[in-house]
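*Asks:* below are the sequence and a predicted model for it; my questions follow.
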Amino acid sequence: MGHLDHAAFGWLTPVLSYVMACIGAALGLRCTVRALGATGRSRRNWLITAASAIGTGIWTMHFVAMLGFGVGGTDIRYDVPLTVLSLLVAMVVVCAGVFAVGYGRDRTRALLIGGLTTGLGVASMHYLGMAAVRLHGDVVYEPARVALSVLIAVVAATAALWAALNIKAPVAVTVASLVMGAAVSSMHYTGMFAVSVRVTPSGAALPGATAMQFIFPLAVGLGSYLFLTSAFVALSPTTGERAASASAQQPGESVTGRRPARTV
């Protein structure tokens, strides 16, 4: 068995990956809260933004953590199409879960369906990302820990969506995001601790790209997207603020809300 190192750069990659998970969760929750207060096209757009934020945050968390992953006795490469597919799966499945909550009439049922869908999407992203790993040897998984990682993903997703439905205060959303980030990180490392590698020494070149050639630039790009979107959401007026502004701008209104009588 090859020796597995999950933190080749020390605490840098675990901490940075946790921060990315928290940012994605916070942005996703804020957008979901905005969506629930909107209607029509505005609700749809906010939900799409929420799904892209959560999906991007989770994917970035996973592959930033993978920058610190190493196996003794073999190099590691990543299959580019599978890696991109894992990102698309994360966004599409999370989008389905968020839309189930955003448009569901029965909130309890929508929450359960959305949490299950989103959690399975997170787990699918993780194991698709692991399937993209190329090394000299065979990757083996411990079934019990894999099942536990999927359970953590479903519970974390359900808790995050519950928070979006029930928590409105910014401070509470921040706390929920920190918890969600911890849950996503726990899911990742639980899945990683389920891995063992039987190394087969070889001098042959591995197919695919190195983490620094492909994953690092993409993670930086997606991280920038999260930061810019966070700034946009922070500067966008809420539904209540827009309503108050529209009311204040109505001409000819008296303090009682009635138009003054016209004089002849």
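*Replies:* On my side now, so go ahead. Numbers count the residues shown, from 1 in each chain.

*Asks:* how about the helices in this structure?
*Replies:* Under the criterion DSSP state H, helices of the chain are mapped to 12-36, 40-66, 80-103, 107-131, 143-166, 170-193, 216-235, 239-248.

*Asks:* could those be laid out in a markdown table, adding mean neighbour count and mean pLDDT?
*Replies:* C-betas here are computed from N, CA, C, even on glycine. Output for these, formatted as a markdown table (neighbours: other C-beta atoms under 10 Å; pLDDT from 0 to 100):
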| stretch | mean neighbour count | mean pLDDT |
| --- | --- | --- |
| helix 12-36 | 23 | 86 |
| helix 40-66 | 23 | 87 |
| helix 80-103 | 20 | 86 |
| helix 107-131 | 20 | 87 |
| helix 143-166 | 20 | 87 |
| helix 170-193 | 19 | 86 |
| helix 216-235 | 14 | 79 |
| helix 239-248 | 11 | 57 |
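
*Asks:* of all those helices, which one is nearest Ala209?
*Replies:* Nearest to Ala209, of all those, is helix 80-103, at 5.7 Å by C-beta to C-beta.

*Asks:* tell me what that closest one is packed against?
*Replies:* helix 12-36, helix 40-66, helix 107-131, helix 143-166 (3 or more C-beta pairs under 8 Å, 6 or more residues apart in numbering; DSSP states H and E).

*Asks:* Thr117 contacts Val89, correct?
*Replies:* No: under the criterion of C-beta atoms under 8 Å, Thr117 makes no contact with Val89, lying 11.9 Å away.

*Asks:* Pro201: which of the helices of the chain is closest?
*Replies:* Among the helices of the chain, helix 107-131 comes nearest to Pro201, with 21.7 Å by C-beta to C-beta.

*Asks:* next, the angle from that closest one to helix 170-193.
*Replies:* Orientation check (axes from the mean of the first three to the mean of the last three C-alpha atoms, to 10 degrees): helix 107-131 against helix 170-193 gives 40 degrees.

*Asks:* check which helices and strands helix 107-131 is in contact with.
*Replies:* For helix 107-131, the packing partners by 3+ C-beta pairs under 8 Å, 6+ apart come out as helix 40-66, helix 80-103, helix 143-166, helix 170-193.

*Asks:* ok now it, how far from the chain's centre?
*Replies:* Relative to the chain's own centre, helix 107-131 is displaced by 11 Å; criterion: C-alpha atoms, centre = their mean, to the nearest Å.

*Asks:* can you check stretch 15-26 too?
*Replies:* 8 Å.

*Asks:* can I get that stretch in PDB, CA atoms only?
*Replies:* Output of stretch 15-26 as PDB, limited to C-alpha atoms (Å, rounded to 0.1, in the frame of the first residue of the first chain):
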ATOM      1  CA  VAL A  15      -7.900  25.700   5.900                       C
ATOM      2  CA  LEU A  16      -8.100  27.300   2.500                       C
ATOM      3  CA  SER A  17     -10.500  24.600   1.300                       C
ATOM      4  CA  TYR A  18     -12.700  25.200   4.400                       C
ATOM      5  CA  VAL A  19     -12.700  28.900   3.700                       C
ATOM      6  CA  MET A  20     -13.900  28.300   0.100                       C
ATOM      7  CA  ALA A  21     -16.600  26.000   1.300                       C
ATOM      8  CA  CYS A  22     -17.800  28.600   3.800                       C
ATOM      9  CA  ILE A  23     -17.900  31.400   1.100                       C
ATOM     10  CA  GLY A  24     -19.900  29.200  -1.300                       C
ATOM     11  CA  ALA A  25     -22.300  28.200   1.400                       C
ATOM     12  CA  ALA A  26     -22.800  31.800   2.600                       C
END
